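**Q** how would this look folded up:
(4 chains)
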There are 2 protein chains.
Amino acid sequence: MSDEKTEYTISDLAKEFEITSRSIRHYEDEKLITPLRRGVHRIYNTRDRVRLQLILRGKRLGFSLAEIKEIIDIYGMEGEQKQTERLLELIKVRRDSLKQQLKDIKYLLNEFDVLEEKLTASHQSE
Amino acid sequence: MSDEKTEYTISDLAKEFEITSRSIRHYEDEKLITPLRRGVHRIYNTRDRVRLQLILRGKRLGFSLAEIKEIIDIYGMEGEQKQTERLLELIKVRRDSLKQQLKDIKYLLNEFDVLEEKLTASHQSE
DNA sequence: GCTTACCTTTACGCAAACGTAAACTTAGTA
DNA sequence: TACTAAGTTTACGTTTGCGTAAAGGTAAGC
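**A** Now for the predicted structure:
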């Protein structure tokens, strides 16, 4: 039906996301991702792929692998009824952190705008 | 006139920004900040304080100290006429990075919204 | 069955960003 | 002036996030 792949080798994902296989294995060591095995080889499915995307997103935002694992675990725990309160709390903390980052980014982008304007102005006046 | 402080000790700043003096000294080792000395003691002025804020902002965004130094140096070099092109290039790179982070944050915030809704829904239906 | 490409585990190495302890100096104050 | 709090340098230790061999196993094509 769809021609989207549903299975990936470790180097498939490594190439796609421009990281090394070593990194992907490291994320597995740290329990952030747990692919199936066909014999001894790792087989990644679309769910694993999404997880990897989440990991890289987290990294770009400066989260540690431990923090990213926490976030990922939140996703995985959707089913568990019990700890809803705890999950909501975790989400709140993470959201606050992201909102602070939003502020930081907006501040810096604005600073860059101002600085760039100054630079191009003095550049043209030469 | 104004009652804003214009001088700070290392522990003043450490307390204010909730970091250790060790960290601040480390930033100095890495040439990100260079306070004056009164004898052997470090004296920080408002300019140093702003620098420190920039450092922490950068850290929250996941930049390395080396990268933050690069950004800070951009700020400091406003006067230098020569390297305008280079500075504009650096700004461009940094801006692209920040814009990617903006996307990442918006994605995650949205995911949190969705997840939270699911959680509170299932929570109420019990 | 041999080659080649890709995969595996094990394990030591390394840079970044501080933590932490040691040993001392300096500045205010009682 | 002696105590105390805070500051200083020096230097080794620690954690995180992989890099990088080493030493080999596996799958596919010829």
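**Q** Does whatever helix or strand A:Ala121 lives in reach chain B?
**A** Using DSSP states H and E, A:Ala121 sits within helix A:84-124. Yes. Counting by CB under 8 Å from any CB of the partner chain, chain B is contacted by helix A:84-124 at A:84, A:87-88, A:91, A:94-95, A:98-102, A:104-105, A:107-109, A:111-112, A:115-116, A:118-120, A:122-123. Yep, even glycine has a C-beta here, placed from its N, CA and C like the rest.
**Q** And A:Ser2, what's its pLDDT?
**A** Listed pLDDT for A:Ser2 reads 53.
**Q** and what of A:Leu88?
**A** For A:Leu88, the model assigns a pLDDT of 85.
**Q** Neighbours of it, how many?
**A** Neighbourhood size, A:Leu88 [other CB atoms under 10 Å in any protein chain shown]: 17.
**Q** list the contacts for it?
**A** Counting by CB atoms under 8 Å, 6 or more residues apart in numbering or on different chains, A:Leu88 makes contact with B:116, B:119-120.
**Q** which ones are touching A:Gly62?
**A** A:Gly62 sits next to A:101, B:59-63 when contact means CB under 8 Å, 6+ apart.
**Q** In a markdown table: those residues, plus secondary structure, distance to DNA strand D and pLDDT.
**A** Shown next, in a markdown table, are the contacts of A:Gly62 (DSSP: H, G, I helix; E, B strand; the rest coil; distance: CB to the nearest atom of the strand, whole Å; pLDDT from 0 to 100):
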| residue | secondary structure | distance to DNA strand D | pLDDT |
| --- | --- | --- | --- |
| A:Gln101 | helix | 16 | 96 |
| B:Lys59 | helix | 14 | 97 |
| B:Arg60 | helix | 15 | 95 |
| B:Leu61 | coil | 15 | 94 |
| B:Gly62 | coil | 10 | 94 |
| B:Phe63 | coil | 14 | 95 |
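**Q** and which of those is nearest DNA strand C?
**A** Looking at the contacts of A:Gly62 and their distance to DNA strand C, the nearest is B:Lys59, at 5.8 Å (CB to the nearest atom of the strand).
**Q** Spell out which residues of chain A are next to DNA strand C.
**A** Proximity of chain A to DNA strand C, by CB under 7 Å from any atom of the strand, involves residues A:9-12, A:21, A:25, A:40-42.
**Q** Just the buried subset of the residues of helix A:84-124 next to chain B, please.
**A** Buried subset of these (neighbour count, 16 or more other CB atoms under 10 Å in any protein chain shown): A:84, A:87-88, A:91, A:94-95, A:98, A:101, A:104-105, A:108, A:111-112, A:115, A:119.
**Q** Excluding residues flanking it in the chain, which one is nearest the most centrally placed residue in chain A?
**A** Centroid-nearest residue in chain A, with CA atoms, centre = their mean: A:Arg57, separated by 2.3 Å. Closest residue in space to A:Arg57, ignoring its immediate chain neighbours: B:Asp104 at 4.7 Å, by CB to CB, 6 or more residues apart in numbering or on different chains.
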